[in-house]
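K.L.:
sequence first, then the predicted structure:
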Number of protein chains: 2
Amino acid sequence: MEFKKEFTAAIVIIGNEILSGRTVDKNTSFIASWLNNKGVNVEEVRAIPDKENVIISTVNELRRKFGYVFTTGGIGPTHDDITSESISKVFNQKYQYHPEAYKALEEYYKNSDFNEGRKKMAKMPEHAKLIPNPKTFAAGFYVENVFVLPGVPSILQVMIPYLDTIVKSGKKIISVSIDSGLRESTIADELSVIQNNFPDVDIGSYPYFNEKPGTILVLRSINNEVIKECEKEVNSLIKKISKK
Amino acid sequence: MEFKKEFTAAIVIIGNEILSGRTVDKNTSFIASWLNNKGVNVEEVRAIPDKENVIISTVNELRRKFGYVFTTGGIGPTHDDITSESISKVFNQKYQYHPEAYKALEEYYKNSDFNEGRKKMAKMPEHAKLIPNPKTFAAGFYVENVFVLPGVPSILQVMIPYLDTIVKSGKKIISVSIDSGLRESTIADELSVIQNNFPDVDIGSYPYFNEKPGTILVLRSINNEVIKECEKEVNSLIKKISKK
């Protein structure tokens, strides 16, 4: 299954917590499921450290290669939050206070100290467009096809819906999951014949090793009729092998 | 904190299940924690699809850039398992049955059909060295600095210990976690002063937004004395701000 470039995306996870093994990344799965529903295919995910040169070169490479780039992490108030400044450099734009973002934070913090760290969260590339944050009021932003989101999953998740009309939808990717109840190696040979007969369907095969090992087969396609035919063939194959 | 190239690593997650959002990747966290304990720093993680040209170019780029590359996924019996053949091409080696790997599988499957899919799991680059799999007997392998592991976490986890003597250990990275109980934006300004005073310590700052929001500070360094001094200063700062 190949996608037009405009319906492809990459995700860039910025920060040391994933790389050190401290944290399991949950943002990829959330963003990818949302995009998948919109018919946008995630083609690559990268986790990189808070290093300016790495952020700049990674985002530059991926924004040219794919239709969309989503970054998570590094837009908070501390010294290791360098994503916004790095993205300004990616686009050769001034890194400065966004008036609307500044105002939102000023109001939110009105009864406490509106310190340098808090102000910093309003700094972004000169021509950035805001992605509202209804939870903690530090906005995300986007420039061209690069969308800059926070790393905290609960905040990211309430911000994504604002992008629903901004990120264009392709043909919805239909996905069918079948638990074959069979070991992967039992079904592999004949499954590859089916895959060859259905080039417009991606058949993924995911073994599990619980008490009774088995394999989940996932069919993905943008063509509803073809996927139904393919599903039938896979189900017949499973029946045939299970009877043996 | 900068690491010598020989003590750096990249992880490559191969397969569509992470990219489609279906599965949350747990292998990165396991491999990275293990490497971290050995003093090897993970500098990049990539998740890529089962596409030969992408696997080859990604592994080629990363094996030159970092001391080690660990791949997960794509070494099973099905049509979408193309990692071993791709790695053979990376090293310009024949893709053929490894006699020892073949024998292990033949014995394991002796009472059932030793079909093409099962045999395929013994195919690897000509000069590959095996990584034993005590669970399902389909071995992993390594060539030079590229280590090829399965995608199923429970299998990967019983194979990693075999690499403990093969992957060289650097200076252990010491990590100290402090729950500040303070919001990140309260502590940000003064924390960056401490970071500037301790260039040999990486101070990470990870906000959480539970009932009472707060921030976990993680100090990482290979220098035990310096990290203890830094920890003292961070604790004094937390006390000072908490009293306000």
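P.N.:
Ah, there it is. Numbers count the residues shown, from 1 in each chain, chains lettered A, B, ... in the order given.

K.L.:
can you list contacts of the lengthiest helix in chain A?
P.N.:
Longest among the helix segments of chain A by residue count, using DSSP state H, is helix A:224-243. Helix A:224-243 has contacts (C-beta atoms under 8 Å, 6 or more residues apart in numbering or on different chains) with A:174, A:176, A:178, A:180-182, A:186-187, A:190-191, A:194, A:197-198, A:200-201, A:203, A:217, A:219-221. Any C-beta I mention is one placed from the backbone N, CA and C, and that applies to glycine too.

K.L.:
now, which of those lie close to chain B?
P.N.:
Contacts with chain B within the contacts of helix A:224-243, counted by C-beta under 8 Å from any C-beta of the partner chain: A:186-187, A:191, A:203, A:220.

K.L.:
can you redo these as TSV with distance to B:V42?
P.N.:
Output for those, formatted as TSV (distance: C-beta to C-beta, whole Å):
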residue	distance to B:V42
A:T186	36
A:I187	35
A:L191	34
A:I203	31
A:R220	30
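
K.L.:
what is the nearest of these to chain B?
P.N.:
Of all these, chain B sits closest to A:L191, with 6.0 Å by C-beta to the nearest C-beta.

K.L.:
so when I look at the closest one, I'm seeing a strand, right?
P.N.:
No: counting by DSSP: H, G, I helix; E, B strand; the rest coil, A:L191 is located in no strand; its state is helix.

K.L.:
and it, how close does it get to A:K240?
P.N.:
Counting by C-beta to C-beta, to the nearest Å, the gap from A:L191 to A:K240 is 12 Å.

K.L.:
looking at these two, which one has more neighbours?
P.N.:
Legend: neighbour count by other C-beta atoms under 10 Å in any protein chain shown for A:L191 and A:K240, higher for A:L191 (27 against 11).

K.L.:
list the contacts for the closest residue to that one other than its chain neighbours?
P.N.:
Closest residue to A:L191 apart from its sequence neighbours, by C-beta to C-beta, 6 or more residues apart in numbering or on different chains: B:T78 at 6.0 Å. Counting by C-beta under 8 Å, 6+ apart, B:T78 makes contact with A:184, A:187-188, A:191-192, A:205, B:117.

K.L.:
give me the subset of those lying in helices.
P.N.:
Judged by DSSP H, the contacts of B:T78 include A:184, A:187-188, A:191-192, B:117 as members of helices.

K.L.:
hey, C-alpha coordinates of stretch A:177-193 in CSV?
P.N.:
The C-alpha trace of stretch A:177-193 is given here as CSV (Å, rounded to 0.1, in the frame of the first residue of the first chain):
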residue,chain,number,x,y,z
SER,A,177,-8.1,-7.6,13.0
ILE,A,178,-8.5,-11.4,12.9
ASP,A,179,-7.3,-13.6,15.8
SER,A,180,-6.3,-16.8,13.9
GLY,A,181,-5.7,-18.8,17.0
LEU,A,182,-2.8,-20.4,15.0
ARG,A,183,0.9,-20.1,15.4
GLU,A,184,2.5,-17.8,12.9
SER,A,185,4.7,-20.4,11.4
THR,A,186,1.7,-22.7,10.7
ILE,A,187,0.0,-20.1,8.6
ALA,A,188,3.0,-18.2,7.1
ASP,A,189,3.4,-20.1,3.7
GLU,A,190,-0.2,-19.9,2.6
LEU,A,191,-0.6,-16.4,4.0
SER,A,192,2.1,-15.1,1.7
VAL,A,193,0.1,-16.4,-1.3
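
K.L.:
does A:Y142 touch A:M124 like I think?
P.N.:
No: between A:Y142 and A:M124 there is no contact under C-beta atoms under 8 Å: 9.8 Å.

K.L.:
mind listing the shared neighbours of these two?
P.N.:
A:V148.

K.L.:
more neighbours: which of those two?
P.N.:
Between A:Y142 and A:M124, counting by other C-beta under 10 Å, A:M124 is the more crowded of the two (28 against 23).

K.L.:
which residue, neighbours along the chain excluded, lies closest to A:Q96?
P.N.:
Nearest non-adjacent residue to A:Q96, counting by C-beta to C-beta, 6+ apart: A:E126, 5.9 Å away.

K.L.:
which residues in chain A form strands?
P.N.:
Per DSSP state E, chain A carries strands over the ranges A:8-14, A:41-48, A:68-72, A:95-97, A:123-125, A:129-131, A:140-143, A:146-149, A:174-179, A:202-208, A:214-221.

K.L.:
out of those strands, which one sits most buried?
P.N.:
Most buried of the strands of chain A, by mean neighbour count (mean count of other C-beta atoms under 10 Å in any protein chain shown): strand A:68-72, with a mean of 28.

K.L.:
contact partners of that strand?
P.N.:
For strand A:68-72, the surrounding residues in contact (C-beta under 8 Å, 6+ apart) are A:8-14, A:27, A:31, A:35, A:40, A:55, A:59, A:62-63, A:83, A:87, A:145-151, A:156, A:167.

K.L.:
restrict those residues to contacts with chain B.
P.N.:
Counting by C-beta under 8 Å from any C-beta, the subset of those that neighbours chain B consists of A:13, A:31, A:35.

K.L.:
quick one, what contacts the nearest residue to the first one once chain neighbours are set aside?
P.N.:
So that's A:I13. In space, and not counting its chain neighbours, A:I13 is closest to A:A47: 4.1 Å by C-beta to C-beta, 6+ apart. Applying C-beta under 8 Å, 6+ apart, we find A:A47 in contact with A:12-15, A:18-19, A:25, B:28, B:44-46.

K.L.:
now those as TSV including pLDDT and distance to A:N235?
P.N.:
Rendered in TSV, the data for these read as follows (pLDDT from 0 to 100; distance: C-beta to C-beta, whole Å):
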residue	pLDDT	distance to A:N235
A:V12	98	39
A:I13	98	37
A:I14	97	43
A:G15	92	43
A:I18	92	38
A:L19	94	42
A:D25	94	34
B:T28	96	34
B:E44	98	41
B:V45	98	36
B:R46	98	35
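
K.L.:
which among the residues you listed gets closest to B:Y108?
P.N.:
Checking those against B:Y108 with C-beta to C-beta, the nearest one is B:T28 at 28.7 Å.

K.L.:
now do the contacts for the closest one.
P.N.:
The contact partners of B:T28, by C-beta under 8 Å, 6+ apart, come to A:18, A:21, A:24-25, A:47, B:11, B:13, B:42, B:45.

K.L.:
going by distance to B:N111, which of the residues you listed wins?
P.N.:
Nearest to B:N111 among those: B:I13, at 34.1 Å, using C-beta to C-beta.

K.L.:
circling back to that earlier point, who does the residue nearest to A:I13 form a beta bridge with?
P.N.:
Counting by DSSP bridges, A:A47 forms beta bridges with A:I13, B:V45.
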